[in-house]
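A.B. asks: pasting the sequence and the predicted coordinates here, then a few questions.
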Amino acid sequence: MTPVIRVAGLDKNYGTGANVVHAVADASFSLAENRIYGLLGRNGAGKTTLMQLLTGQEFATRGTIEVFGENPVENARVLEKVCFIKESQRYPDDFRVKHVLASAPWFFANWDHDFADELIERFRLPVTRRVKKLSRGQLSALGVIVGLASRAPLTFFDEPYLGLDAVARQLFYDVLLADFAEHPRTVVLSTHLIDEVSNLLEHVIVIDEGRILIDADADELRGSAVDVVGARTAVESFTAGREVLHRSALGGLATATVAGLDDTGRAAAREAGLELAPVSLQQLVVRTTTLDGSPAESTNADLTNGESA
Amino acid sequence: MSAVTSTPTATIPGGFSRVWRVVRLLTANPTTVITWPLAILGIIFVMNWAIWWLIYINLDSPQADDATDGIQFSGASTFIFVYMLVVAVQSINLSFPLALGFGATRRSFSLGSMLTFGMLSVFFASIMTLGAWVEGLTNGWGLRGSFFRTIYFAVDDNWAGQWWVFFCWFAFFSFVGMIFAAVFVRWKGFGLTTAFILLGVALLAGVAVLTFTDSWLAFWEGLGELGVLGISSSAFVIALLSVPLSHLLLRRATPRG
């Protein structure tokens, strides 16, 4: 199957000389058709910049981007199939919600009016209110409705849950899954609320400081690391020579997140009297993106937080 | 491929419909581009009319003749040109990010903006010409007033010429507004400040040249020779040049939050 997006050696720098910021650094990946992708990372990691590059809104410093097989910049054939309502999307000052919803169908060939109406009701969006006067949550809901009802073959959702209450967030996840089942398309969801969407995502791309750290199937990723818990000395001797993503300790107890532990490794851990616990996608991402190059220092607070959570 | 085909065999709309939907986006709320400017024009007109009435009931005949000459120098109707400049600035600044989010190209956006403001210029020029015609017919709304046929815009007994003068100025203000908006979208406040400084320097240089070469008299004579029609047409030339320039600026612009 031909990928919908193919990116190779992509760099995006802002500024020059000593002040240069590498918003995206040497990114290479490809996204297949009709799947739901999670673009995960901390604030300022480069998620929005990457999505702007993929939609031709931003210009690459180096590298190649192919969307539907072509460079997206100023390419009507490509952009025709793309919907990208940014988290910080700006609207004309004089626009009310109804103006946004009236104009969107002119741009999206697959726009579903009934679906949009249904979503407006379910998200309780006031259609006659000025966009400027919407709350953060209502603004997010507007972006979500446009993204869903556009049924664009490639749809980006940029931190769509900001300001949404728990009910509205769940509604978004449920509606996205249900509609995706009926109308498969390629969805890229940028988020840092990873646990909430982890069941939605089929594939995960983790970006930090502009670099792609993880590019893996969600299932594969979930199984790729495991927490090893037990007496500090036993944990230390077991993890010697293994790839450890994260360590923490409290008194005589220690926890280590070990990557790529196969069946023999798991058996060895149990033999050493250690307990194995699954690592959530969120924990995995948190531990990968806080590393700073070397395995994290053990902090008691870390473990306490983990327990209380 | 899955059984349910997702990617529709998307027929790409033709070039014109891609431009036309930008026109529709820019005019999605007609209150801003049609209703408000007409309403404000109407209010200012009524206020002017009231002022003429107050003047004439207090003047005898020779004084009234003087007043008629003076009223010709009214700038009341110029607001609508400035209003169109503001609308153009707002449109480019705020509709540009939305159009790109909806998947429009910058090229369609530039062409759509040009078409929108071209059409609005035609519309408002026609309204103003109609006003000027009625003004002539009613001997200045019964009070020898000048609202549409002020000294700056009046062309004698030539309705096509009168329309052209209004059209040129609408195009000038809208398209020059587009340039400044494009500068802002591309380089934000810093770019706009720089642009104004450069413009100021250029104007100052022009003044200096005219002063040092003792050419002020020739300058005013030249303007006089051009006349209202000539000056307006020159403004239109600047408007025409603004269109490709604002597209050049937007071509590498990025919508930012």
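C.D. replies: Ah, there it is. Numbering: from 1, shown residues only, chains lettered A, B, ... in the order given.
A.B. asks: show me the contacts for residue B:84.
C.D. replies: Contacts for residue B:84 (Cβ atoms under 8 Å, 6 or more residues apart in numbering or on different chains) come out as B:37, B:117, B:120, B:121, B:124, B:170, B:173, B:174, B:177. No exception for glycine: its C-beta is placed from N, CA and C like everyone else's.
A.B. asks: closest to residue B:133 among the residues you listed?
C.D. replies: The shortest approach to residue B:133 among the contacts of residue B:84 belongs to residue B:124, at 14.8 Å (Cβ to Cβ).
A.B. asks: hang on, isn't the closest one packed against residue B:33?
C.D. replies: No. Here residue B:124 lies out of contact with residue B:33, judged by Cβ atoms under 8 Å, at a distance of 9.7 Å.
A.B. asks: need the next SSE after the longest helix anywhere in chain B, C-terminal direction.
C.D. replies: When chain B is scanned for its longest helix (criterion: DSSP state H), the result is helix B:159-212. Sequence-wise, the next helix or strand downstream of helix B:159-212 (DSSP states H and E) is helix B:216-251.
A.B. asks: that next one - what's its average pLDDT?
C.D. replies: Helix B:216-251 shows a mean pLDDT of 90.
A.B. asks: list the contacts for residue B:239?
C.D. replies: Contacts of residue B:239 (Cβ under 8 Å, 6+ apart): B:168, B:171, B:172, B:174, B:175, B:176.
A.B. asks: same check on residue A:90?
C.D. replies: Residue A:90 is in contact with B:94, B:97, B:98, B:255, B:257, counting by Cβ under 8 Å, 6+ apart.
A.B. asks: now, of those residues, which are buried?
C.D. replies: B:94, B:97, B:98, B:255 (16 or more other Cβ atoms under 10 Å in any protein chain shown).
A.B. asks: tell me where the stretch 51-200 of chain A has strands.
C.D. replies: Here the stretch 51-200 of chain A has its strands, by DSSP state E, counting those that start in this stretch, at A:62-67, A:82-85, A:154-158, A:186-191.
A.B. asks: which of those strands sits closest to chain B?
C.D. replies: strand A:82-85 (5.0 Å; Cβ to the nearest Cβ).
A.B. asks: what pairs with the closest one, parallel or antiparallel?
C.D. replies: As defined by DSSP bridges, the strand partners of strand A:82-85 come to strand A:154-158 (parallel).
A.B. asks: now the angle between strand A:62-67 and the strand it pairs with, please.
C.D. replies: Between strand A:154-158 and strand A:62-67, the angle formed by their directions is 120 degrees, by axes from the mean of the first three to the mean of the last three Cα atoms, to 10 degrees.
A.B. asks: show me which residues of the stretch 151-257 of chain B are close to chain A?
C.D. replies: Applying Cβ under 8 Å from any Cβ of the partner chain, one finds that the stretch 151-257 of chain B approaches chain A through B:251, B:252, B:254, B:255, B:257.
A.B. asks: can you list the domains in chain A?
C.D. replies: A:5-209, A:221-308 (automatic domain parsing).
A.B. asks: how many neighbouring residues does the residue of the stretch 1-150 of chain A found nearest chain B have?
C.D. replies: Closest approach between the stretch 1-150 of chain A and chain B, counting by Cβ to the nearest Cβ: residue A:88, at 2.8 Å. Using other Cβ atoms under 10 Å in any protein chain shown, residue A:88 has 13 other residues around it.
A.B. asks: for residue A:136, same thing?
C.D. replies: By other Cβ under 10 Å, neighbour count at residue A:136 equals 11.
A.B. asks: one more: residue B:78?
C.D. replies: 14.
A.B. asks: likewise for residue B:45?
C.D. replies: Quick note: residue B:45 (other Cβ under 10 Å) scores 17 neighbours.
A.B. asks: does it sit in a helix, a strand or a coil?
C.D. replies: Using DSSP: H, G, I helix; E, B strand; the rest coil, the structure places residue B:45 in helix.
A.B. asks: contacting residues for it?
C.D. replies: B:76, B:77, B:147 are the contacts of residue B:45 under Cβ under 8 Å, 6+ apart.
A.B. asks: what do you get if the cut-off is 10 Å, keeping everything else the same?
C.D. replies: B:76, B:77, B:131, B:141, B:145, B:147, B:148 (Cβ atoms under 10 Å, 6 or more residues apart in numbering or on different chains).
A.B. asks: in its sheet, which strands sit next to the strand or helix carrying residue A:206, and in what direction?
C.D. replies: Per DSSP H and E: residue A:206 is located in strand A:203-208. When pairing is defined by DSSP bridges, strand A:203-208 lines up against strand A:36-40 (parallel), strand A:211-217 (antiparallel).
A.B. asks: hey, least reliable of the ones you listed by pLDDT?
C.D. replies: Among the strands paired with strand A:203-208, strand A:211-217 scores lowest, with a mean of 90.
A.B. asks: residue boundaries of the strands in the stretch 201-309 of chain A?
C.D. replies: Using DSSP E, counting those that start in this stretch, strands in the stretch 201-309 of chain A cover A:203-208, A:211-217, A:225-231, A:244-250, A:253-259, A:275-278.
A.B. asks: in CSV: the ones you listed, plus mean neighbour count.
C.D. replies: CSV is the format used below for these (neighbours: other Cβ atoms under 10 Å in any protein chain shown):
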stretch, mean neighbour count
strand A:203-208, 23
strand A:211-217, 16
strand A:225-231, 20
strand A:244-250, 21
strand A:253-259, 21
strand A:275-278, 12
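A.B. asks: any idea how far residue A:72 lies from residue A:57?
C.D. replies: Distance of residue A:72 to residue A:57, computed by Cβ to Cβ, to the nearest Å: 9 Å.
A.B. asks: need the overlap of contacts for these two.
C.D. replies: residue A:79.
A.B. asks: need the residues that contact the helix or strand bottoming out on mean pLDDT in chain B.
C.D. replies: The helix or strand of chain B with the lowest confidence, counting by mean pLDDT, DSSP states H and E, is helix B:61-71 at a mean of 71. Residues external to helix B:61-71 that are found in contact with it (Cβ under 10 Å, 6+ apart): B:48, B:51-52, B:55-56, B:58-59, B:140, B:143-147, B:150-151.
A.B. asks: the residue of the stretch 1-150 of chain A closest to chain B and residue B:97 touch, don't they?
C.D. replies: Yes. Contact between residue A:88 and residue B:97 holds when scored by Cβ atoms under 10 Å: they sit 9.0 Å apart.
A.B. asks: and residue B:146, that one's in a helix?
C.D. replies: No. Residue state for residue B:146 (three-state DSSP) corresponds to coil; a helix is not indicated.
A.B. asks: isn't it right up against residue B:52?
C.D. replies: Yes. Counting by Cβ under 10 Å, residue B:146 does reach residue B:52; the two are 9.0 Å apart.
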